[in-house]
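Engineer: sequence-free structure coming up:
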């Protein structure tokens, strides 16, 4: 059973916490792992950084040793600088680092232009882009005291640099935006075929808890399977319709009833985005 220490802080094991902010559809979940050699934070956001710094003394007096970014997106990395300024080292895949350097400033501007309250936060806090300084290409293991933290990157899936994090002793898996809990998955910049492959790989890990990048924590493997199968079925439906010569308008119309299958899921706009992205990736290019 998940122990709640705050309205957003959920204790999953003796020294492992997930941070979930359900008031936002577009704010990623985060994590804190407390080890004998310091704390590890998973993902950062300028909207939550003050709440995390306020919560940390409740659970540990140890310094923040590392920040792990699951990928480069604004809602998973935009507060890196505030942790780095406190001495934390940022870790992520090599592709995450490259994407953050290439697109970080654009992401700040895109979010600021789209959401006035984000613009106000950025003007007040003046964050800067701080990409990972420790990177890896496929797998990395951290040994901190008696805690083992395993990181995996299997290519461009939800984004170019996705990493998921696994604690083998605790059997807790932080999936980043490879996993969505009670949401239509956002595949705006995804390689959907590889995302499905990586989710299948995730499902091979024994897990007491899955922490998705957005949405609810689950201990039920079927929740992950159901979302994976939904995305796979959507992909196959669109591929079939393209082979039949259907237009994007036809595909969008066929996708509408899919929302009714999961009325409890949030992020309805992500379904529309997924249809357009998948169609564009499969439709024949015009000469």
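Structural biologist: Yep, it's here. These numbers were taken from a predicted model, which means no experiment stands behind them.
Engineer: going along the chain, name the helices of the stretch 1-150 of the chain.
Structural biologist: Here the stretch 1-150 of the chain has its helices, by DSSP state H, counting those that start in this stretch, at 49-59, 74-77, 80-84, 94-114, 116-125.
Engineer: what comes up buried for the last one?
Structural biologist: By that I understand helix 116-125. Buried residues in helix 116-125, counted by 16 or more other CB atoms under 10 Å: 118, 121-122, 125. Every C-beta, even on glycine, is put in place using the N, C-alpha and C of the backbone.
Engineer: which of these lies at the shortest distance from residue 98?
Structural biologist: residue 122 (22.9 Å; CB to CB).
Engineer: OK, contacts around the closest one?
Structural biologist: Contact analysis of residue 122 by CB atoms under 8 Å, 6 or more residues apart in numbering lists 46, 108, 112.
Engineer: and if we set it to 10 Å?
Structural biologist: Shown in contact with residue 122 (CB atoms under 10 Å, 6 or more residues apart in numbering): 46, 78, 108-109, 111-112.
Engineer: from these, which would you call buried?
Structural biologist: With burial judged by 16+ other CB under 10 Å, the buried subset of these is 46, 78, 108, 111-112.
Engineer: can you put the helices of the stretch 1-150 of the chain in JSON lines and add distance to residue 65?
Structural biologist: JSON lines is the format used below for these (distance: least, CB to CB, whole Å):
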{"stretch": "helix 49-59", "distance to residue 65": "12"}
{"stretch": "helix 74-77", "distance to residue 65": "17"}
{"stretch": "helix 80-84", "distance to residue 65": "10"}
{"stretch": "helix 94-114", "distance to residue 65": "19"}
{"stretch": "helix 116-125", "distance to residue 65": "23"}
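Engineer: please identify the most buried of those helices.
Structural biologist: With neighbours defined as mean count of other CB atoms under 10 Å, the helices of the stretch 1-150 of the chain peak in mean count at helix 74-77, which reaches a mean of 27.
Engineer: from the contact counts, what lies against that one?
Structural biologist: strand 89-93, helix 94-114, strand 172-181, strand 209-215 (3 or more CB pairs under 10 Å, 6 or more residues apart in numbering; DSSP states H and E).
Engineer: quick check, pLDDT for the residue nearest to residue 138 when sequence neighbours are not counted.
Structural biologist: Take residue 138 and drop its neighbours on the chain: the residue closest to it by CB to CB, 6 or more residues apart in numbering is residue 153, 5.9 Å away. If you check residue 153, the pLDDT there is 98.
Engineer: residue 96 is in contact with residue 153, correct?
Structural biologist: Yes: counting by CB atoms under 10 Å, residue 153 touches residue 96, with 7.8 Å between them.
Engineer: can you check which residues contact both of those two?
Structural biologist: Common contacts of residue 153 and residue 96, defined by CB under 10 Å, 6+ apart, comprise 70-71, 135-136, 160-163.
Engineer: in strands, which of the residues you listed appear?
Structural biologist: Among the shared contacts of residue 153 and residue 96, DSSP state E puts 135-136 in strands.
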